[in-house]
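> Sequence and computational prediction follow.
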Amino acid sequence: MIMNQRKLSKLKSYQVTNDYLTANEGKVSGLPNYSTYKTTLSENIPRLLAFSANQSGNITGISDEKNVLKQQVGTLAYDTSTRLVAYARQNQLPTLLKEAYFTESTLKRGADATVRDSSRNLYNLAEPLLEQLAPFGITAETQTALNDAIEAFAKAIPVKRTVVNERQDQSSECDRLFDETDEALKQIDTLVDMIRQAEPDFYVGYRGARMVLDTRTEIVSVKGEVVEAETLVPVTGANIELMLLPVNGHAPVTKKSAEKGGFRIKSMTPGNYQMKVSKYGYAEQLLDVAVNSGETTKLTITLAKN
(Lines give C-alpha, C1' and ligand atoms only; values in the text may rest on other atoms or scores of the structure.)
Protein backbone atom coordinates (compact mmCIF):
# COMPACT_ATOMS: atom_id res chain seq x y z
CA MET A 1 0.00 0.00 0.00
CA ILE A 2 1.39 3.43 -0.99
CA MET A 3 -0.67 5.39 1.58
CA ASN A 4 -1.92 4.12 4.89
CA GLN A 5 -4.58 5.91 6.93
CA ARG A 6 -1.99 8.02 8.73
CA LYS A 7 -0.61 9.34 5.45
CA LEU A 8 -4.07 10.04 4.09
CA SER A 9 -4.79 12.05 7.25
CA LYS A 10 -1.55 14.00 6.80
CA LEU A 11 -2.42 14.74 3.18
CA LYS A 12 -5.77 16.14 4.28
CA SER A 13 -3.93 18.36 6.77
CA TYR A 14 -1.61 19.56 3.98
CA GLN A 15 -4.63 20.61 1.92
CA VAL A 16 -6.29 22.44 4.82
CA THR A 17 -3.02 24.20 5.71
CA ASN A 18 -2.36 25.19 2.10
CA ASP A 19 -5.85 26.64 1.73
CA TYR A 20 -5.51 28.56 5.00
CA LEU A 21 -2.16 30.05 4.01
CA THR A 22 -3.49 31.00 0.57
CA ALA A 23 -6.46 32.76 2.15
CA ASN A 24 -4.11 34.69 4.48
CA GLU A 25 -1.33 35.38 2.01
CA GLY A 26 -1.00 39.00 3.08
CA LYS A 27 0.06 38.01 6.61
CA VAL A 28 2.86 35.66 5.57
CA SER A 29 4.08 36.56 2.07
CA GLY A 30 6.79 38.89 3.38
CA LEU A 31 8.37 36.33 5.71
CA PRO A 32 11.95 35.20 4.80
CA ASN A 33 11.95 32.46 2.09
CA TYR A 34 8.26 31.81 2.75
CA SER A 35 7.42 31.64 -0.95
CA THR A 36 9.92 28.79 -1.49
CA TYR A 37 8.38 26.64 1.23
CA LYS A 38 4.83 27.49 0.21
CA THR A 39 5.60 26.53 -3.40
CA THR A 40 6.89 23.12 -2.23
CA LEU A 41 3.68 22.58 -0.27
CA SER A 42 1.40 23.67 -3.11
CA GLU A 43 3.19 21.63 -5.79
CA ASN A 44 3.51 18.43 -3.76
CA ILE A 45 -0.18 18.20 -2.82
CA PRO A 46 -1.44 17.32 -6.34
CA ARG A 47 1.43 14.84 -6.73
CA LEU A 48 0.43 13.13 -3.50
CA LEU A 49 -3.23 13.20 -4.49
CA ALA A 50 -2.27 11.36 -7.69
CA PHE A 51 -0.59 8.64 -5.62
CA SER A 52 -3.69 8.43 -3.45
CA ALA A 53 -5.97 8.05 -6.48
CA ASN A 54 -3.80 5.36 -8.06
CA GLN A 55 -2.81 3.34 -5.01
CA SER A 56 -5.53 0.71 -5.48
CA GLY A 57 -3.96 0.49 -8.88
CA ASN A 58 -5.02 -1.29 -11.92
CA ILE A 59 -3.50 -4.68 -11.53
CA THR A 60 -7.00 -6.16 -11.56
CA GLY A 61 -6.62 -7.71 -15.00
CA ILE A 62 -3.33 -9.35 -14.06
CA SER A 63 -4.75 -10.50 -10.74
CA ASP A 64 -7.88 -11.91 -12.36
CA GLU A 65 -5.89 -13.97 -14.86
CA LYS A 66 -3.51 -15.21 -12.19
CA ASN A 67 -6.39 -16.11 -9.87
CA VAL A 68 -8.11 -18.12 -12.61
CA LEU A 69 -4.90 -20.14 -13.03
CA LYS A 70 -4.61 -20.41 -9.26
CA GLN A 71 -8.11 -21.86 -9.00
CA GLN A 72 -7.36 -24.33 -11.78
CA VAL A 73 -4.17 -25.64 -10.19
CA GLY A 74 -5.80 -25.63 -6.75
CA THR A 75 -8.75 -27.70 -7.95
CA LEU A 76 -6.53 -30.29 -9.62
CA ALA A 77 -4.10 -30.40 -6.69
CA TYR A 78 -6.88 -30.86 -4.14
CA ASP A 79 -8.33 -33.68 -6.20
CA THR A 80 -4.89 -35.34 -6.23
CA SER A 81 -4.53 -34.78 -2.49
CA THR A 82 -7.83 -36.48 -1.65
CA ARG A 83 -6.97 -39.49 -3.81
CA LEU A 84 -3.48 -39.80 -2.32
CA VAL A 85 -4.95 -39.56 1.19
CA ALA A 86 -7.43 -42.33 0.40
CA TYR A 87 -4.64 -44.54 -0.95
CA ALA A 88 -2.43 -43.83 2.07
CA ARG A 89 -5.22 -44.59 4.56
CA GLN A 90 -6.10 -47.92 2.94
CA ASN A 91 -2.48 -49.00 2.83
CA GLN A 92 -1.57 -47.67 6.29
CA LEU A 93 1.13 -45.28 5.06
CA PRO A 94 1.23 -42.56 7.74
CA THR A 95 4.14 -40.63 6.22
CA LEU A 96 2.44 -40.37 2.86
CA LEU A 97 -0.85 -39.53 4.57
CA LYS A 98 0.72 -36.60 6.39
CA GLU A 99 2.58 -35.33 3.31
CA ALA A 100 -0.45 -35.63 1.03
CA TYR A 101 -3.01 -33.99 3.32
CA PHE A 102 -3.91 -30.40 2.42
CA THR A 103 -7.07 -28.43 3.07
CA GLU A 104 -8.99 -27.21 0.06
CA SER A 105 -8.57 -23.61 1.18
CA THR A 106 -4.78 -23.98 1.39
CA LEU A 107 -4.55 -25.21 -2.18
CA LYS A 108 -7.03 -22.72 -3.62
CA ARG A 109 -6.60 -19.62 -1.48
CA GLY A 110 -3.16 -19.88 0.07
CA ALA A 111 -0.24 -17.62 -0.79
CA ASP A 112 0.86 -17.98 -4.40
CA ALA A 113 4.14 -19.69 -3.48
CA THR A 114 2.32 -22.05 -1.10
CA VAL A 115 -0.18 -23.12 -3.78
CA ARG A 116 2.57 -23.58 -6.36
CA ASP A 117 4.94 -25.52 -4.10
CA SER A 118 2.26 -27.63 -2.42
CA SER A 119 0.82 -28.60 -5.80
CA ARG A 120 4.27 -29.52 -7.05
CA ASN A 121 4.86 -31.65 -3.94
CA LEU A 122 1.62 -33.53 -4.58
CA TYR A 123 2.63 -34.13 -8.19
CA ASN A 124 5.99 -35.47 -7.02
CA LEU A 125 4.37 -37.74 -4.43
CA ALA A 126 2.07 -39.29 -7.01
CA GLU A 127 4.53 -39.66 -9.87
CA PRO A 128 6.41 -42.80 -8.66
CA LEU A 129 3.14 -44.47 -7.56
CA LEU A 130 1.10 -44.26 -10.76
CA GLU A 131 0.56 -48.00 -11.06
CA GLN A 132 -0.70 -48.33 -7.50
CA LEU A 133 -2.75 -45.13 -7.74
CA ALA A 134 -4.58 -46.02 -10.95
CA PRO A 135 -7.56 -47.58 -9.09
CA PHE A 136 -7.82 -44.31 -7.14
CA GLY A 137 -8.07 -42.21 -10.30
CA ILE A 138 -4.54 -40.82 -10.53
CA THR A 139 -3.10 -41.56 -13.94
CA ALA A 140 -0.47 -40.24 -16.33
CA GLU A 141 -3.19 -38.06 -17.89
CA THR A 142 -4.22 -36.47 -14.59
CA GLN A 143 -0.56 -35.92 -13.74
CA THR A 144 0.01 -34.17 -17.08
CA ALA A 145 -2.98 -31.92 -16.47
CA LEU A 146 -1.74 -31.05 -12.99
CA ASN A 147 1.79 -30.37 -14.21
CA ASP A 148 0.57 -28.11 -17.03
CA ALA A 149 -1.58 -26.14 -14.57
CA ILE A 150 1.34 -25.73 -12.18
CA GLU A 151 3.62 -24.49 -14.94
CA ALA A 152 1.06 -21.97 -16.23
CA PHE A 153 0.42 -20.63 -12.72
CA ALA A 154 4.15 -20.46 -11.90
CA LYS A 155 4.73 -18.31 -15.00
CA ALA A 156 1.94 -15.92 -14.01
CA ILE A 157 3.33 -15.18 -10.54
CA PRO A 158 6.37 -13.09 -11.68
CA VAL A 159 4.09 -10.88 -13.81
CA LYS A 160 2.14 -9.88 -10.73
CA ARG A 161 5.39 -9.47 -8.79
CA THR A 162 6.75 -7.05 -11.43
CA VAL A 163 3.73 -4.82 -10.95
CA VAL A 164 4.13 -5.05 -7.18
CA ASN A 165 7.77 -3.99 -7.53
CA GLU A 166 6.66 -0.98 -9.55
CA ARG A 167 4.26 -0.15 -6.74
CA GLN A 168 7.15 -0.31 -4.27
CA ASP A 169 9.07 2.22 -6.39
CA GLN A 170 6.01 4.47 -6.35
CA SER A 171 5.78 4.04 -2.60
CA SER A 172 9.39 5.22 -2.19
CA GLU A 173 8.68 8.33 -4.27
CA CYS A 174 5.53 8.96 -2.24
CA ASP A 175 7.52 8.72 1.00
CA ARG A 176 10.08 11.19 -0.41
CA LEU A 177 7.32 13.70 -1.20
CA PHE A 178 5.90 13.37 2.31
CA ASP A 179 9.34 13.98 3.82
CA GLU A 180 9.92 17.00 1.58
CA THR A 181 6.50 18.47 2.40
CA ASP A 182 6.98 17.88 6.14
CA GLU A 183 10.29 19.73 6.01
CA ALA A 184 8.72 22.66 4.16
CA LEU A 185 5.94 22.86 6.74
CA LYS A 186 8.42 22.79 9.61
CA GLN A 187 10.10 25.82 8.06
CA ILE A 188 6.72 27.55 7.71
CA ASP A 189 5.93 26.66 11.35
CA THR A 190 9.08 28.48 12.42
CA LEU A 191 8.17 31.53 10.34
CA VAL A 192 4.61 31.63 11.68
CA ASP A 193 5.98 31.51 15.23
CA MET A 194 7.69 34.83 14.46
CA ILE A 195 4.32 36.58 14.05
CA ARG A 196 2.47 34.75 16.81
CA GLN A 197 2.13 37.82 19.01
CA ALA A 198 1.44 40.23 16.17
CA GLU A 199 -1.22 37.99 14.57
CA PRO A 200 -2.67 35.83 17.39
CA ASP A 201 -5.92 34.96 15.60
CA PHE A 202 -4.07 33.92 12.46
CA TYR A 203 -1.67 31.84 14.55
CA VAL A 204 -4.49 29.93 16.28
CA GLY A 205 -6.12 29.21 12.94
CA TYR A 206 -2.83 28.05 11.44
CA ARG A 207 -2.14 25.63 14.31
CA GLY A 208 -5.65 24.21 13.89
CA ALA A 209 -5.05 23.67 10.18
CA ARG A 210 -1.79 21.90 10.90
CA MET A 211 -3.44 19.38 13.19
CA VAL A 212 -3.43 15.85 11.76
CA LEU A 213 -6.64 14.03 12.66
CA ASP A 214 -5.81 10.34 12.67
CA THR A 215 -9.02 8.36 12.23
CA ARG A 216 -7.45 4.94 12.54
CA THR A 217 -9.23 2.43 14.76
CA GLU A 218 -8.28 -0.91 16.20
CA ILE A 219 -11.64 -2.63 16.52
CA VAL A 220 -11.58 -6.34 17.30
CA SER A 221 -13.85 -7.58 14.50
CA VAL A 222 -13.83 -11.30 15.30
CA LYS A 223 -12.92 -12.97 18.60
CA GLY A 224 -13.17 -16.68 19.20
CA GLU A 225 -11.78 -19.95 20.41
CA VAL A 226 -11.20 -23.33 18.80
CA VAL A 227 -11.90 -26.44 20.91
CA GLU A 228 -12.21 -30.18 20.42
CA ALA A 229 -15.80 -31.25 19.83
CA GLU A 230 -15.94 -34.02 22.44
CA THR A 231 -13.65 -32.77 25.21
CA LEU A 232 -13.80 -28.98 24.71
CA VAL A 233 -10.01 -28.96 25.11
CA PRO A 234 -8.47 -25.93 23.34
CA VAL A 235 -6.98 -26.65 19.91
CA THR A 236 -3.65 -24.88 19.43
CA GLY A 237 -2.35 -23.95 15.98
CA ALA A 238 -5.59 -24.36 14.06
CA ASN A 239 -5.58 -22.59 10.70
CA ILE A 240 -8.31 -19.95 10.47
CA GLU A 241 -9.21 -18.36 7.14
CA LEU A 242 -11.95 -15.85 6.44
CA MET A 243 -12.85 -15.01 2.85
CA LEU A 244 -14.98 -11.94 2.16
CA LEU A 245 -17.99 -12.81 0.01
CA PRO A 246 -18.56 -12.74 -2.86
CA VAL A 247 -15.16 -14.26 -3.66
CA ASN A 248 -13.43 -11.82 -6.02
CA GLY A 249 -9.75 -12.70 -6.04
CA HIS A 250 -8.86 -10.95 -2.78
CA ALA A 251 -6.65 -12.71 -0.27
CA PRO A 252 -8.25 -14.33 2.79
CA VAL A 253 -7.71 -13.07 6.32
CA THR A 254 -5.64 -15.72 8.07
CA LYS A 255 -4.87 -16.51 11.69
CA LYS A 256 -3.73 -19.40 13.88
CA SER A 257 -5.31 -20.24 17.18
CA ALA A 258 -3.08 -19.50 20.17
CA GLU A 259 -1.94 -21.79 22.98
CA LYS A 260 -5.36 -21.73 24.65
CA GLY A 261 -7.24 -22.01 21.37
CA GLY A 262 -8.11 -18.32 21.18
CA PHE A 263 -7.77 -15.87 18.29
CA ARG A 264 -8.55 -12.23 17.53
CA ILE A 265 -8.79 -10.43 14.20
CA LYS A 266 -8.84 -6.63 14.11
CA SER A 267 -10.20 -4.01 11.72
CA MET A 268 -11.88 -6.25 9.14
CA THR A 269 -13.98 -4.92 6.29
CA PRO A 270 -17.67 -5.25 7.26
CA GLY A 271 -19.54 -7.93 5.32
CA ASN A 272 -20.31 -11.63 5.10
CA TYR A 273 -17.39 -14.04 5.27
CA GLN A 274 -16.85 -17.73 4.69
CA MET A 275 -14.71 -19.12 7.50
CA LYS A 276 -12.67 -22.30 7.27
CA VAL A 277 -10.97 -23.78 10.32
CA SER A 278 -8.62 -26.71 9.89
CA LYS A 279 -5.81 -28.65 11.48
CA TYR A 280 -4.20 -31.93 10.53
CA GLY A 281 -5.99 -34.76 12.35
CA TYR A 282 -9.31 -32.89 12.54
CA ALA A 283 -12.26 -32.56 10.18
CA GLU A 284 -12.31 -29.17 8.48
CA GLN A 285 -15.03 -26.84 9.76
CA LEU A 286 -16.81 -24.46 7.39
CA LEU A 287 -19.18 -21.73 8.55
CA ASP A 288 -20.62 -18.34 7.60
CA VAL A 289 -19.64 -15.31 9.66
CA ALA A 290 -21.07 -11.78 9.59
CA VAL A 291 -18.78 -8.86 10.48
CA ASN A 292 -20.47 -5.57 11.39
CA SER A 293 -18.83 -2.16 11.66
CA GLY A 294 -17.90 -1.24 15.23
CA GLU A 295 -18.97 -4.61 16.63
CA THR A 296 -17.15 -7.77 17.73
CA THR A 297 -18.38 -11.12 16.44
CA LYS A 298 -17.75 -13.81 19.07
CA LEU A 299 -17.36 -17.45 18.07
CA THR A 300 -16.71 -20.87 19.58
CA ILE A 301 -15.59 -23.35 16.93
CA THR A 302 -15.55 -27.09 17.56
CA LEU A 303 -13.30 -29.44 15.61
CA ALA A 304 -13.95 -33.18 15.51
CA LYS A 305 -10.99 -35.56 15.33
CA ASN A 306 -10.71 -37.69 12.21
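Perfect, thanks for sending it. Numbers count the residues shown, from 1 in each chain.
> mind listing the strands for the stretch 201-306 of the chain?
220-228, 239-244, 253-256, 262-266, 271-278, 285-291, 297-303 (DSSP state E, counting those that start in this stretch).
> Switch the ones you listed over to TSV; also include mean neighbour count, distance to Thr17 and mean pLDDT.
For the C-beta atoms, the positions are set from N, CA and C on the backbone; glycine is no exception. Output for those, formatted as TSV (neighbours: other C-beta atoms under 10 Å; distance: least, C-beta to C-beta, whole Å; pLDDT from 0 to 100):
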stretch	mean neighbour count	distance to Thr17	mean pLDDT
strand 220-228	19	34	92
strand 239-244	20	37	90
strand 253-256	16	36	91
strand 262-266	15	31	92
strand 271-278	19	36	89
strand 285-291	14	36	89
strand 297-303	16	40	92
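> which one of those lies closest to Leu93?
Of all those, it is strand 271-278 that lies closest to Leu93, at 21.3 Å by C-beta to C-beta.
> ok, the closest one: who's next to it in the sheet?
Applying DSSP bridges, strand 271-278 is found paired with strand 239-244 (antiparallel), strand 285-291 (antiparallel).
> For this protein, list the residue farthest from the centre, please.
Ala198 (50.6 Å; C-alpha atoms, centre = their mean).
> And the worst-scoring helix or strand of the chain on mean pLDDT, what does it pack against?
Ranked by mean pLDDT, DSSP states H and E, the weakest helix or strand in the chain is helix 140-194, scoring a mean of 82. On a contact count with 3 or more C-beta pairs under 8 Å, 6 or more residues apart in numbering; DSSP states H and E, helix 140-194 meets helix 5-23, helix 25-28, helix 34-54, helix 60-90, helix 112-126, helix 200-210.
> for Tyr14, what are its contacts?
Neighbouring residues of Tyr14 by C-beta atoms under 8 Å, 6 or more residues apart in numbering: Leu41, Asn44, Ile45, Leu48, Thr181, Leu185.
> Can you list the neighbours in contact with stretch 276-292?
Counting by C-beta under 8 Å, 6+ apart, 98, 101, 103-106, 221-222, 226, 228, 235, 237-243, 268-275, 297, 299, 301-306 sit against stretch 276-292.
> Then stretch 120-127?
Taking C-beta under 8 Å, 6+ apart as the rule, stretch 120-127 contacts 77, 80-81, 84, 96, 99-100, 102, 133, 138, 143, 146-147, 150.
> List the buried residues for that stretch?
For stretch 120-127, a neighbour-count test (16 or more other C-beta atoms under 10 Å) marks Arg120, Leu122, Tyr123, Leu125, Ala126 as buried.
> So which of the residues you listed is the closest to Glu259?
Leu122 (30.9 Å).
> domains for this structure, by residue range?
1-216, 220-303 (automatic domain parsing).
> thought Ser118 was touching Thr106?
Yes - counting by C-beta atoms under 8 Å, Thr106 is a contact partner of Ser118 at 6.7 Å.
> who touches both of the two?
When C-beta under 8 Å, 6+ apart defines a contact, no residue borders Ser118 and Thr106 alike.
> ok, Asp112 - contacts?
Lys66, Lys70, Phe153, Ile157, Lys160.
> For ChimeraX, what selects the buried ones among the residues you listed?
For the buried members of those, the matching ChimeraX selection, counting by 16+ other C-beta under 10 Å, is:
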select :66,70,153,157,160
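> Tell me the one of the contacts of Asp112 nearest Ala258?
Lys70 (29.3 Å).
> Which residues are in contact with the closest one?
Here Lys70 is in contact with Lys108, Asp112, Val115, Phe153 (criterion: C-beta under 8 Å, 6+ apart).
> buried stuff in stretch 83-97?
Arg83, Leu84, Val85, Ala86, Tyr87, Ala88, Leu93, Leu96, Leu97.
> Quick one: mean pLDDT over the host helix or strand of the last one.
Applying DSSP states H and E as the criterion places Leu97 in helix 94-100. The average pLDDT for helix 94-100 rounds to 94.
> circling back to that earlier point, tell me which two of the buried residues of stretch 83-97 sit farthest apart.
Going by C-beta to C-beta, the pair spanning the buried residues of stretch 83-97 furthest: Arg83 and Leu93, at 13.3 Å.
> just to revisit the earlier point, Throw the strands of the stretch 201-306 of the chain into a markdown table and include distance to Asn18, thanks.
Formatted as a markdown table, these follow (distance: least, C-beta to C-beta, whole Å):
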| stretch | distance to Asn18 |
| --- | --- |
| strand 220-228 | 36 |
| strand 239-244 | 37 |
| strand 253-256 | 38 |
| strand 262-266 | 34 |
| strand 271-278 | 36 |
| strand 285-291 | 37 |
| strand 297-303 | 42 |
